[in-house]
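Engineer: Below: sequence and its predicted model.
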Amino acid sequence: PTHFSVQIRQDSRNLGILFKEQEDLFESLTNRLTGVFSDLARRGRLTEKDIDEALREVRLALLEADVDFNVARGLVRRIKEQSQGQNVYGSLSPGQTVLKIVQQELAQILGSDAAVLERSPQPPTVLMMVGLQGSGKTTTVAKLALHLKKSGQSVMMAACDLHRPAAIDQLQQLGDELSIPVHCEDPSKSSAAEVATRARSRAKSEDMRWLLLDTAGRLHVDDDLMRELEDIGRAASPTETILVVDAMTGQDAVRSGTAFQERIGLTGIIITKLDGDARGGAALSMRSVTGLPIKFVGVGEKTNALEIFHPSRMASRILGLGDVETLIERASEEISFERGRSLEEKLRRAEFDMNDLIDQLKTLRRMGSLSDVLGMIPGMSALRGKLDLSDVDERRMARVEAIVFSMTPEERSNPKLINGSRRKRIAIGSGTSPAEVNQILNQFRQMQSVMKKMTSADGQRGLMDIVRGRL
């Protein structure tokens, strides 16, 4: 309910000391578009002039976000065509009708449906990962390998980047961390194509379902790089050749994607650093310009920070409409049904204590940045510009944990027991100051207030359904 979101927004401002804003890739674009459609919604009946003015703002917002000019122009033209006639002007809610049209068109240019990885009839299915140097290719190979492993499939990685110093060591370290086998050879005695050939033979003999090839990159596309990739392709016969691009490079990513596609042929794209501070135009342009599906997106540095790309969900998030499906998927990975039910009962009984605070902050951190999570909740995206979320980092978390763990079990369960002398003892034990301890206690009381509203008659059903994964 709207008034539920307003209640939470009012009290959430008081959490600003603990949390600082962490802007995601599309935040600036989302804010611009949200403003445009909020204005349309307030006008009631719309005229053609109203829509023309709104679409002019949409086009400017897209261009400022570094979206390809032809993509932006085509998108606005199609929205204009669909917005004409009684389907908008005669509707009871014309502003929402235009918003729905924009959402559908955004999803269309992003790819309509989620793209799946193609599998070879006979294992192993070989995936060759290509891209420019610095795009995050090696880390993405490990992320994708972990994604496949978590789905119950056997996977092996192969170090075919024989040029970048420490590339082989990096892949081996990631393999050890994830308990995924890595095929590697002495770079002075083998070519990349030979490594790929022997890796495929080994993967087949060990009955691996997937083989992921990490290949060399360059600072820019050149003939030497392309010839090596062509040799690997002939040697390993990959079912998928996937381009890894850095979203923060903007239109350079689109141009490099076109070059790779023309020379070696691609089957899909993975966009990395989608959580970074950039304008986001590459992600919106890539599908239309290259004609290739975006299969995954990297949303963080950790090895589990890889998501299947859902165009309709991304379109909703760009427009500030939330993404409950992804929120539930992330939550279900981190919160078991039993833990969710236990948390629900604690919230109902107002028994949320300092131990639960630490547990939930850790869970939230594993789900992604707080800014990202807020953006998935319908109606809550506006909070990202009003809260201070950037300080939720390892160092800040360590200080909060030190303060909480310096409390006695009784104090963690009932912070009201903490008086001046106890605050001083906790500060000495945690290496902080009494003022910092008091700050955390004040913030905790504010969080309890927010939680209380979330479990009120108005907010309870929506929150509990998210916790339980029932939406």
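Structural biologist: Cool, the structure landed. Numbering: from 1, shown residues only.

Engineer: can you confirm residue 214 is in a strand?
Structural biologist: Yes - under DSSP: H, G, I helix; E, B strand; the rest coil, residue 214 sits within a strand.

Engineer: Hmm, it is touching residue 161, no?
Structural biologist: Yes - judged on Cβ atoms under 8 Å, residue 214 makes contact with residue 161 at a distance of 5.4 Å. From N, CA and C alone the C-beta is placed, and that goes for glycine too.

Engineer: okay, these two: which has more neighbours?
Structural biologist: residue 214 (30 against 26; other Cβ atoms under 10 Å).

Engineer: If I look at that one, what pLDDT would I see?
Structural biologist: Residue 214 carries a pLDDT value of 95.

Engineer: show me the residues around it that make contact.
Structural biologist: Contacts for residue 214 (Cβ atoms under 8 Å, 6 or more residues apart in numbering) come out as 129, 137-138, 141, 157-161, 167, 171.

Engineer: anything in contact with each of residue 214 and residue 161?
Structural biologist: What both residue 214 and residue 161 touch, as defined by Cβ under 8 Å, 6+ apart, is the set 137-138, 167, 171.

Engineer: returning to what we had before: output the contacts of residue 214 in CSV, with distance to residue 72, pLDDT and secondary structure appended to each entry.
Structural biologist: Formatted as CSV, the contacts of residue 214 follow (distance: Cβ to Cβ, whole Å; pLDDT from 0 to 100; DSSP: H, G, I helix; E, B strand; the rest coil):
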residue, distance to residue 72, pLDDT, secondary structure
129, 30, 95, strand
137, 29, 92, helix
138, 33, 94, helix
141, 33, 96, helix
157, 38, 97, strand
158, 40, 96, strand
159, 40, 95, strand
160, 37, 95, strand
161, 36, 93, coil
167, 37, 91, helix
171, 38, 95, helix
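
Engineer: So which of those wins on neighbours?
Structural biologist: Neighbour counts for the contacts of residue 214 (other Cβ under 10 Å) peak at residue 160, which has 34 neighbours.

Engineer: Just to check, that residue is in contact with residue 194?
Structural biologist: No - in this structure, residue 160 is not within contact of residue 194 by Cβ under 8 Å, at 9.4 Å.

Engineer: SS state for residue 126?
Structural biologist: Residue 126 - assigned by three-state DSSP - is strand.

Engineer: show me the contacts for it.
Structural biologist: With Cβ under 8 Å, 6+ apart, residue 126 has these contacts: 120, 200, 211, 213, 236-240.

Engineer: Now, of the residues you listed, which are buried?
Structural biologist: 120, 200, 211, 213, 236, 238-240 (16 or more other Cβ atoms under 10 Å).

Engineer: among those residues, which are in strands?
Structural biologist: Among those, the ones falling in strands (DSSP state E) are 211, 213, 240.

Engineer: ok, those vs residue 98, which is closest?
Structural biologist: Lowest distance from residue 98 to those (Cβ to Cβ) belongs to residue 240, with 37.9 Å.

Engineer: Next, name the residue at the spatial heart of the chain.
Structural biologist: residue 299 (3.5 Å; Cα atoms, centre = their mean).

Engineer: My guess is that residue contacts residue 274. True?
Structural biologist: Yes - the criterion here is Cβ under 8 Å, and residue 299 meets it with residue 274 at 5.3 Å.

Engineer: State the helix or strand in which residue 227 lies.
Structural biologist: Assessed by DSSP states H and E, residue 227 sits inside helix 223-236.

Engineer: dump the residue contacts of residue 70.
Structural biologist: residue 288.

Engineer: Just confirm residue 297 is within a strand.
Structural biologist: Yes - in this structure, residue 297 lies within a strand as judged by three-state DSSP.

Engineer: Test for you: state the pLDDT assigned to it.
Structural biologist: 87.

Engineer: what separates it from residue 171, distance-wise?
Structural biologist: Residue 297 sits 21 Å away from residue 171, going by Cβ to Cβ, to the nearest Å.
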